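Q: here is a sequence together with a model predicted from it:
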Amino acid sequence: MKTCVLFNPVAGGERAAEFQRRLEQLQSEFTFWPTSSPESARALGRTAVLEGFELIVAVGGDGTFNEVLNGVGEVEDAFDSVKLGVLPLGTANVFAKEIGLPLDLDAALDVIRKGKPRLVDLAVATYQQDGHPVSRYFAQLAGAGLDARSIELVNWESKKRFGVLAYVEAGLKAILEAQVRLTVTNGTESLEGEMVLIGNGRYYGGKFQLFPSADLADGMLHAVVFERVHWVDLARRGWGLFTQTIAQQKGIKVLRGTNLRLSSDRPAPFQLEGDLVGHLPCEFKLLPNRLSIMVPENEARATRSGT
């Protein structure tokens with residue numbers, strides 16, 4: 001299979017350094033294209049489709065994968081013929097966790113070499129930018145409220161040095177602010193709250209099953225609505241995430257649909273895959289079985305129940 005691997009050669013971190021040390025050994029197997037930024041990953045993803053690559057692999061975290069995904073999606077009907085892969089080197093690697101991808105580099109490379117393609121649902125967010133409609137694909141997660149505001153407040157130098165702890169610091173700042181009021185609707189039912197997270201799969205933050213009944217191929221987007229965002233509530237939510245019982249907690253509601261609309265009572269950002277993208281309102285639409293992704297062989301046989 002003609003394979004193109006997109007990798008940032010100046011990426012930091014121990015795992016990225018390990019990958020760079022392996023590049024020379026892998027040159028005979030794959031075509032490597034260096035990226036200089038997430039934005040260049042998107043452009044190279046598009047170019048890889050146009051140059052006839054059958055498998056395009058994003059090396060990095062959820063944000064890098066999302067950029068490559070959207071670059072591929074810029075080419076009409078590309079998802080009918082192109083498969084995507086992931087080598088997880090990011091901070092959380094939520095999508096990699098979702099598809100059962102090992103974080104060990106050698107094991108992840110074996111999935112690229114010997115894994116199987118699995119068709120999963122693909123989501124698209126449509127919103128206004130400079131007075132014009134803009135659409136962007138995502139595979140795993142969207143969110144607004146405290147979640148997105150925390151990302152907006154992240155100090156990026158701190159993120160490079162401290163990883164997930166930088167998000168904790170930003171979250172502490174965001175919770176002290178007046179919270180935005182959000183409304184999510186599936187066209188039939190509407191819910192309101194101070195934070196809304198929308199999942200295509202189960203995971204949030206890398207290892208927490210915030211959407212335990214979700215599946216990448218169940219044909220549904222799952223919205224978890226937090227009615228209030230407060231210190232006491234967040235402590236309870238943290239325990240719910242840890243015990244996978246958050247959906248049963250008081251003050252948490254769940255809404256499902258193939259199409260969801262998210263709006264706010266005042267300007268508010270939203271995020272896709274952990275990166276800020278735009279501002280509400282936004283429409284989220286699910287495209288069933290649209291994305292072909294390389295997964296371990298056992299995951300290719302996975303059913304909706306996860307077996």
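A: Now that the structure is in, tell me what you want to look at.

Q: show me how the record splits the chain into domains.
A: Domain assignment of the chain by automatic domain parsing yields the ranges 3-114, 124-289.

Q: residue boundaries of the helices in the stretch 1-150 of the chain?
A: Under the criterion DSSP state H, counting those that start in this stretch, helices of the stretch 1-150 of the chain are mapped to 14-26, 38-50, 62-73, 94-98, 105-114, 146-153.

Q: got it, and the stretch 201-307 of the chain?
A: Under DSSP H, counting those that start in this stretch, the stretch 201-307 of the chain gives helices at 231-243, 297-300.

Q: sorry, back to before: in TSV: the domains of the chain, plus distance to residue 296.
A: For glycine as for every other residue, the C-beta is placed from the backbone atoms N, C-alpha and C. Listed next are these as TSV, based on distance: least, C-beta to C-beta, whole Å:
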stretch	distance to residue 296
domain 3-114	5
domain 124-289	14
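
Q: related to what we said a few turns ago, TSV for the helices of the stretch 1-150 of the chain, including mean neighbour count?
A: Below are the helices of the stretch 1-150 of the chain laid out as TSV (neighbours: other C-beta atoms under 10 Å):
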stretch	mean neighbour count
helix 14-26	13
helix 38-50	20
helix 62-73	25
helix 94-98	25
helix 105-114	16
helix 146-153	21
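
Q: among those, which is nearest residue 251?
A: helix 146-153 (13.6 Å; C-beta to C-beta).

Q: which residues are contacting the closest one?
A: The contact list for helix 146-153, computed with C-beta atoms under 8 Å, 6 or more residues apart in numbering, reads 167, 170-171, 173-175, 177, 179-180, 194-195, 197, 226, 229, 268-271, 274-276.

Q: filter those down to just the ones in strands.
A: 195, 197, 226, 269-271, 275-276 (DSSP state E).

Q: just those now: which is nearest residue 262?
A: So of the ones in strands among the contacts of helix 146-153, ranked by how close each gets to residue 262 (C-beta to C-beta), first place is residue 270, at 6.8 Å.

Q: which residues touch the closest residue to that closest one other than its chain neighbours?
A: Of all residues not flanking residue 270 in the chain, residue 144 sits nearest, at 4.1 Å (C-beta to C-beta, 6 or more residues apart in numbering). For residue 144, the contacting residues are 180, 182, 195-196, 262, 264, 268-271, 280, 282, by C-beta under 8 Å, 6+ apart.
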